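In: can you look at this prediction? I've put the sequence above it.
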Amino acid sequence: DQQVKQNSPSLSVQEGRISILNCDYTNSMFDYFLWYKKYPAEGPTFLISISSIKDKNEDGRFTVFLNKSAKHLSLHIVPSQPGDSAVYFCAASAKTSYDKVIFGPGTSLSVIP
Amino acid sequence: GAGVSQSPRYKVAKRGQDVALRCDPISGHVSLFWYQQALGQGPEFLTYFQNEAQLDKSGLPSDRFFAERPEGSVSTLKIQRTQQEDSAVYLCASSRDRVYEQYFGPGTRLTVT
């Protein structure tokens, strides 16, 4: 029973265009969400996060949107660059157990020059 | 400063052997996490330490898995009597405080033959 879902295993986008990565969750207790980026043979690196009291958080080219009623969040990358090509993991945690982060299966993004 | 390091990077074990995987967290980081990542999946939580105290081990898949952090710094994940289903990448992460920004090591790829 996957609590964090990323239904698109892969995504290809032209350089300079917008990349939109989607994530759905089932556990209504989740109140903190994170995105991690992973290159091959490296560990995931933290990208951006959002608390459930917000519906948007922006950091440079990266923006995360949260729709609590739909239990959906998305990561927007504008403009996409070839160096953004990586696997992106959506992750979530609940205030009752902030030590336990639940990760989605990941979406592999390819940005084509 | 130095990031999280893990050793060995690759380990091949015959079924039934015991293995020990080491994690050196970022100096001063109180929290340490272990994850298991199967091929094509996101990291799955195994266990969490705050300093030397193991506060959550609910993700350990069986009693063959054991983790320790005796002095609140370096941690070791031990797997006894390895089975083929233990083959995965084992990731270690550390953070200043609980979950908010975890820094991951490169992982140890364990292959059980």
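Out: Structure's in. What do you need?
In: pLDDT at residue 7, what is it?
Out: The chain I'm using is chain A. Here, the pLDDT recorded for A:Asn7 equals 92.
In: that's the other chain; I wanted chain B
Out: Predicted confidence (pLDDT) for B:Ser7: 97.
In: again with the one 5 residues further on
Out: With respect to pLDDT, B:Val12 scores 98.
In: mind listing what it touches?
Out: Going by Cβ atoms under 8 Å, 6 or more residues apart in numbering or on different chains, B:Val12 touches B:Thr111, B:Val112, B:Thr113. Backbone N, C-alpha and C define where each C-beta goes, glycine included.
In: using PyMOL, define a selection of the buried residues within the residues you listed.
Out: Selection of buried members from the contacts of B:Val12 for PyMOL, criterion 16 or more other Cβ atoms under 10 Å in any protein chain shown:
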select buried, chain B and resi 112
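In: which members of the contacts of B:Val12 are positioned in strands?
Out: B:Thr111, B:Val112 (DSSP state E).
In: burial measure for residue 38, as a count.
Out: In the absence of a named chain, this looks at chain A. Other residues lying near A:Lys38 total 22 when counted by other Cβ atoms under 10 Å in any protein chain shown.
In: my bad, the chain I had in mind was chain B
Out: So B:Ala38, with other Cβ under 10 Å, has 13 neighbours.
In: ok, now B:Gln102?
Out: 27.
In: ok, it touching B:Ser94?
Out: Yes. The pair B:Gln102 / B:Ser94 is scored as a contact, 7.0 Å apart, by Cβ atoms under 8 Å.
In: now list whatever residues contact both of these two.
Out: B:Ser31, B:Phe33.
In: so which bits of chain A are right by chain B?
Out: Residues of chain A lying close to chain B (Cβ under 8 Å from any Cβ of the partner chain) are A:4, A:9, A:32, A:36, A:41-46, A:49, A:89, A:91, A:93, A:97-106.
In: just the ones of these in helices?
Out: Using DSSP state H to define helices, no part of the residues of chain A next to chain B is located there.
In: now list the buried members of the residues you listed.
Out: Judged by 16+ other Cβ under 10 Å, buried ones among the residues of chain A next to chain B: A:4, A:32, A:36, A:43-44, A:46, A:49, A:89, A:91, A:93, A:97-106.
In: give me phi/psi at A:Gly83?
Out: Per-residue torsions, A:Gly83: phi -70, psi -10 (degrees, to the nearest 10).
In: number of residues surrounding it?
Out: Neighbour tally, A:Gly83, other Cβ under 10 Å: 9.
In: and the gap between it and B:Pro43?
Out: Separation of A:Gly83 from B:Pro43 (Cβ to Cβ, to the nearest Å): 22 Å.
In: repeat for A:Ser19
Out: Distance from A:Ser19 to B:Pro43, by Cβ to Cβ: 22 Å.
In: and what of B:Arg9?
Out: Where B:Pro43 is concerned, B:Arg9 sits at a distance of 17 Å (Cβ to Cβ).
In: the two: who's more crowded?
Out: Per other Cβ under 10 Å, whichever of B:Arg9 and B:Pro43 has more neighbours is B:Pro43, with 29 against 13.
In: pull the number of nearby residues for A:Trp35.
Out: A:Trp35: 23 neighbours (other Cβ under 10 Å).
In: so what's it up against?
Out: So A:Trp35 contacts A:Leu21, A:Phe46, A:Leu47, A:Ile48, A:Ser49, A:Phe62, A:Val64, A:Leu75, A:Tyr88, A:Phe89, A:Cys90, A:Ala91 (Cβ under 8 Å, 6+ apart).
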